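K.L.:
The following comprises the amino acid sequence and a computationally predicted model.
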Amino acid sequence: MMLPQHYFQQAAFLQSATTKKTLPVERGREVAFAGRSNAGKSSVINRVCSQKSLARTSKTPGRTQLINFFQLPDEHSLVDLPGYGYAKVPEAAKLEWQKFIEAYLIQRKTLQGLILVMDIRHPLTEHDQTLLHWVNSRQLKAHILLNKADKLTKGAAASTLLQVRKALSQYPHISVQTFSALNQQGLETCWQVLDQWLHDD
Ligand code: GDP
C-alpha cells in the first residue's frame, strides 16, 4: 500500500453532479465530505489531498449546489457534498439541497462513510444532526472532524472533543477527532480512517 499522503495526492477531479441522473456510475468505494458552509470542508479536502485548490474554497458560500467527485488511483473516489446552512440561500434551494443529499446518502451503494466537517467552535448544528440522522438510518459510518482546532487552546479543544463524543456515545459507528486544515493537526488520524474505509474488507 502506498503512503496515504502519496495516495490522496493523486486525487483528480472527475465530474460534478447536480441531479441524480448526472451522478457518475457506481464504481469502487466512495467517501463523502459534508459540512456547514465555512466550517472548512474545502480546506480539509485540499489538506487531505495535499493540493492547493482541488476543492474550491467558498467565495460565495452556499451558491454552488454541486456534488463534486474526485477520482483516486484505484477506482475509489472522494466526494465533496455542497455546504449547507448558509443563511442567504433561498428556502426552495435549501429544500432541493436536502432532497438531493438525502437521496445520495441513503441510496448510494458505493458510499462507505461520511466525513463531517464542523467548526470546533460550533459543533453539532441542527443540519449536522440531520445528516447524522440519515447516516444512522442506514448504518453508514461517520467520522467527525472538529476543524479549526488551532483557534482554541488545547484544553478547550479537548473539552469540546469530550462533549461531542459524549453526545454521540450511543452511536458506535460515529467517531470524532480534532483537526486543523491550517496546521495539519490530526491529519494522520484522518488519513487512517479514510484508508480503512476505502481499503479494509
Ligand atoms: P467551506 O465553506 O466549508 O468549504 O470552508 P473553506 O474551506 O472555504 O474555509 C472557510 C474559511 O475558514 C476560510 O477562510 C479558511 O481559510 C478558514 N479555515 C478553514 N480551515 C481552517 C482551520 O483549520 N483553521 C483556521 N484557523 N481557519 C480555517
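P.N.:
Happy to help now that I have it. Numbering: from 1, shown residues only.
K.L.:
Could you look up the SS state of the closest residue to residue 81 other than its chain neighbours?
P.N.:
Spatially, and ignoring its direct neighbours in sequence, residue 81 is nearest to residue 34 (4.3 Å; CB to CB, 6 or more residues apart in numbering). All C-beta spots, glycine's among them, are computed from the backbone N, C-alpha and C. What DSSP: H, G, I helix; E, B strand; the rest coil gives for residue 34 is strand.
K.L.:
Run a quick check on residue 34 versus residue 117, I expect a contact.
P.N.:
Yes: counting by CB atoms under 8 Å, residue 34 does reach residue 117; the two are 7.1 Å apart.
K.L.:
intersection of neighbour lists for the two?
P.N.:
Counting by CB atoms under 8 Å, 6 or more residues apart in numbering, the common neighbours of residue 34 and residue 117 are residue 41.
K.L.:
So the residue nearest to residue 81 versus residue 153, what's the distance?
P.N.:
27 Å (CB to CB, to the nearest Å).
K.L.:
who's more crowded, the two?
P.N.:
residue 34 (26 against 9; other CB atoms under 10 Å).
K.L.:
next one: phi and psi at residue 121?
P.N.:
For residue 121, the backbone dihedrals (degrees, to the nearest 10) come out as phi -80, psi -10.
K.L.:
Could you measure from the nearest residue to it once chain neighbours are set aside over to residue 100?
P.N.:
Excluding its sequence neighbours, the residue lying closest to residue 121 (CB to CB, 6+ apart) is residue 151, at 6.4 Å. Distance, residue 151 to residue 100, using CB to CB: 31 Å.
K.L.:
Among the two, which residue is more densely surrounded?
P.N.:
Shown here are residue 151 and residue 100; by other CB under 10 Å, residue 100 has more neighbours (20 against 13).
K.L.:
and residue 166, how many neighbours does it have?
P.N.:
9.
K.L.:
Same question for residue 66.
P.N.:
Residues near residue 66, counting by other CB under 10 Å, number 16.
K.L.:
Residue 3 too?
P.N.:
By other CB under 10 Å, 10 other residues sit near residue 3.
K.L.:
and what of residue 24?
P.N.:
By the criterion of other CB under 10 Å, residue 24 has 16 neighbours.
K.L.:
Give the bridge partners for the residue nearest in space to the middle of the chain, please.
P.N.:
In the chain, the C-alpha nearest the mean C-alpha coordinate belongs to residue 33, at 1.9 Å (CA atoms, centre = their mean). Per DSSP bridges, residues listed as beta-bridge partners of residue 33: residue 80, residue 115.
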